[in-house]
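Student: could you work out the structure for the sequence below:
(chains A and B)
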Amino acid sequence: MVGGKKQKTMSRRAGMRSYDNHTAAAWLFLAPSLTAIAIFFVIPVLSALVMSFTDFDIYAVGNLNVVRFMGFRNYTRIFETPLFWKALRNTFYFVLVGGPLSVAVSLGTALMVNSKLARFKPFYRTVYFLPVVTSLVAVAVVWRYLYHPAHGLLNLALSYFGVAPIDWLGNPDIAMPAIVVLAVWKNFGYNMLIFIAGLQNIPEDLYEAAHIDGAGGWRQFVDITIPMLAPTTVFVVMITIIGYFQLFAEPYIMTEGGPMNATMSVVLMMYEQGFRWWNMGFAAAIAFVLFAVILIFSILQLIIQRRLQQ
Amino acid sequence: MIALVGVSCRQSSDSATTVKFWALGNEGELVRQLIPEFERTNPGIHVIVQQIPWTAAHEKLLTAVAGESTPDVCQIGNTWVPEFAVLNSLEPLDPFVRRSPDFRREDFFEGVLKMNVIDSTLYGIPWYVDTRVIYYRRDLLREAGYSEPPRTWEGVLKLCDVMQQNAKAKGIQQYPFFLPTNEWVPAIVLGMQSGGKFLKDNNTHGNFSGTQFRAAFELLAKFYHKEYSPSGMQLITNLYDSFSDGLIALYITGPWNIGEFSRRIPSRLQNEWMTAPLPSMDSISPGISLPLGTSLIVFRQSRRKEAAWKLVEFLTSREQSIAFYRITGNLPPRRSAWEDTSLARNKYIQAFYKQLQRVDPLPQIAEWEQVVIKLQLYVEYIATNTLSVDEALRKFDSEVDQMLEKRKWLAERNRKP
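Tutor: Got it, this is the predicted structure:
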């Protein structure tokens, strides 16, 4: 008995030691990437946080003595800047209209491409995925031609239905929807692939059973596809929304934020403040405000998702 | 040939000083043709030219200054001089100039040279100059009864009216005078001409809502409200096509477009386009225009300033600026260079010579670029009638005040004992 107890403690100690050894080894193996993450991620983010409480600008690059500690004044100034609210509104518009639209289009195309009736599946998968891998600059140039008010293909097509020419990128009310359409077209292929993977994971016998029970196509979609696809959908929605909050390249290339700031996004505003005018402190503060917005949204989404699952 | 180049490179790098020279865009490529002559006349100095694209230049230079990795000599836009002076990164050139027999202040176009002087210290030497003039369709003006653009803006408005009537009668779409809403140039030019000082209180506050600049903005608004110019940018996606199609007939732009117009306007219209100096708001012709261009500067951190200055002196000399004009079409900064036959023969650049006699310096503050980019937005606001001229300028002034807040703080701090 005694011996057995002793043996147990010993083996536990040995286990502890090997646990210690394991952790040490793990840290050792992780060290290179942790160092890299610290240098290229943690430290810059922390410095940016510090910077966001200062007025670091071009004068400060020349002479560090003229940096002023601003407290929360950069943050209050952000909220006093009408352009920020406009940029935030535009970004929300883009997320709330473009996000669901993008998810719906990806799901729709995924269903079509995955359908048993569809032929040439690999061909369509590739075609729908092409915009994702095409350089946005090239895409933007082509779309600017499509959107051209006088010679654009889009207006030509509409003219056959008697619609008067629309100034897609020049009209402040239409420019943002036009950017949404471009972004959805450019990005839906990626989510489509994830949806296809999700669809292929649904066991076929579920559909067969439902079919025997007399469930039609729509009923099968609502009661089998949607619930079984829920984890994929949550993932896709989350990634899409986080990505769409960071809207930058489309307006940067297509409209430069115009006309009249109708397509100015939060990230575009941050870029201009930081890298064009070197108002680094102010730009850093914008970055953290955007971070907070995205964080709140992600948490909300998780809460809603939990509720739905219960 | 290649062997020869190899030998000459080795020789010069053996013996001594290597000057690093950053040049922007196309010039960075073409200036290499002038370097062998410099190295021949300055044995012991070897030049390495590095080409920087224009689009990345500003950011790259600021980063180089921040990271203390600047070259010895650099080409910069002359509106950037105040910014780099604030960064305390430019070598004052007055001591070098005083020793240089070839440098004669009065030979340079005055307004352009002034862009390189901050608090009476000279920081850059103009390398080539750039100002803005009118490009116009002679045939379309002839139809309206004009042989050249009017000398005053009043006259230009009348011309636009006639052209608009003619176009309407013919049932064609035409905007006589294209003033892009995404360019600050027309607004600033009109502001200079109306005698407005853009900033006040020692450049720490905006003065755009003052009566003079307001007059300029009201004139500009007329062009949009009467549809003499399109009030958006989407209609004219290709300037050269629109100009050839007669959708627009007059346009304010710079010397680089001489080459572009010669290449892109169809041959049947090649004799029908011309350049003219700007109309004016007073009785003196031409009206004031912009003193732009690029300058050569020596960075303060350079350890080879003597050799660096030699290169600057060489490239800005009369002979070399003529040679550079022949290679690139860039306009020489020295009046004496314009007497050369290769310039006198070019009919399109005569308007630029006349215009360069009347250019005024812009406010020399680091924030100027930010100010004019913001101004474009307000041009757009009045073009589309979103804001009245008064409202727009008042709002703009308060935005400018905010941009200049640090400047104001620094000025107040320096005033304190």
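
Student: C-alpha only now, for contacts and for neighbours.
Tutor: Fine.

Student: can you give me the mean pLDDT across the host helix or strand of B:Asn414?
Tutor: Using DSSP states H and E, B:Asn414 falls within helix B:405-415. Across helix B:405-415, pLDDT averages out at 88.

Student: buried sites along it?
Tutor: Residues of helix B:405-415 classed as buried: B:406-408 (neighbour count, 16 or more other CA atoms under 10 Å in any protein chain shown).

Student: for it, output the C-alpha coordinates as CSV.
Tutor: Written as CSV, here are the backbone C-alpha positions of helix B:405-415 (Å, rounded to 0.1, in the frame of the first residue of the first chain):
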residue,chain,number,x,y,z
GLU,B,405,-3.6,74.8,-35.1
LYS,B,406,-0.2,73.3,-34.4
ARG,B,407,1.5,76.0,-36.5
LYS,B,408,-0.3,78.6,-34.4
TRP,B,409,0.8,76.8,-31.2
LEU,B,410,4.4,76.7,-32.4
ALA,B,411,4.4,80.4,-33.3
GLU,B,412,3.0,81.3,-29.9
ARG,B,413,5.6,79.1,-28.1
ASN,B,414,8.5,80.6,-30.0
ARG,B,415,7.3,84.1,-29.2
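
Student: reformat the buried residues of helix B:405-415 as TSV; add distance to B:Arg394.
Tutor: TSV is the format used below for the buried residues of helix B:405-415 (distance: CA to CA, whole Å):
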residue	distance to B:Arg394
B:Lys406	20
B:Arg407	20
B:Lys408	19
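
Student: ok, which residues in the stretch 151-300 of chain A are in contact with chain B?
Tutor: A:167, A:169-170, A:259-260, A:275-277 (CA under 8 Å from any CA of the partner chain).

Student: tell me how many other residues crowd residue 160.
Tutor: If you meant another chain, say so; for now it's chain A. Per other CA atoms under 10 Å in any protein chain shown, the neighbour tally for A:Tyr160 reads 9.

Student: the chain in question should be chain B.
Tutor: The burial count for B:Cys160: 24, using other CA under 10 Å.

Student: B:Phe213 belongs to a helix?
Tutor: Yes. Counting by DSSP: H, G, I helix; E, B strand; the rest coil, B:Phe213 falls inside a helix.

Student: for it, give its distance to B:His225.
Tutor: Distance, B:Phe213 to B:His225, by CA to CA, to the nearest Å: 18 Å.

Student: and what of A:Val234?
Tutor: Relative to B:His225, A:Val234 is positioned 51 Å away (CA to CA).

Student: how about A:Ala110?
Tutor: 50 Å.

Student: between these two, which is the more surrounded one?
Tutor: A:Ala110 (24 against 15).

Student: what helix or strand is the more buried one on?
Tutor: Secondary structure assigned from DSSP H and E places A:Ala110 in helix A:99-114.

Student: contacts for that helix, please.
Tutor: Helix A:99-114 is contacted from outside by A:118, A:121, A:124-125, A:184-185, A:187-193, A:195-196, A:199, A:236-237, A:240-241, A:244, using CA atoms under 8 Å, 6 or more residues apart in numbering or on different chains.

Student: what secondary structure does the closest residue to chain B within the stretch 151-300 of chain A sit in?
Tutor: Nearest residue of the stretch 151-300 of chain A to chain B, counting by CA to the nearest CA: A:Gly170, 5.5 Å away. Look at A:Gly170: counting by three-state DSSP, its state is coil.

Student: next up, phi/psi of it, please.
Tutor: When read as degrees, to the nearest 10, the backbone of A:Gly170 gives phi -100, psi -20.

Student: residue boundaries of the helices in the stretch 51-200 of chain A?
Tutor: For the stretch 51-200 of chain A, applying DSSP state H, counting those that start in this stretch gives helices covering A:58-62, A:73-80, A:82-93, A:99-114, A:121-133, A:136-146, A:153-159, A:172-200.
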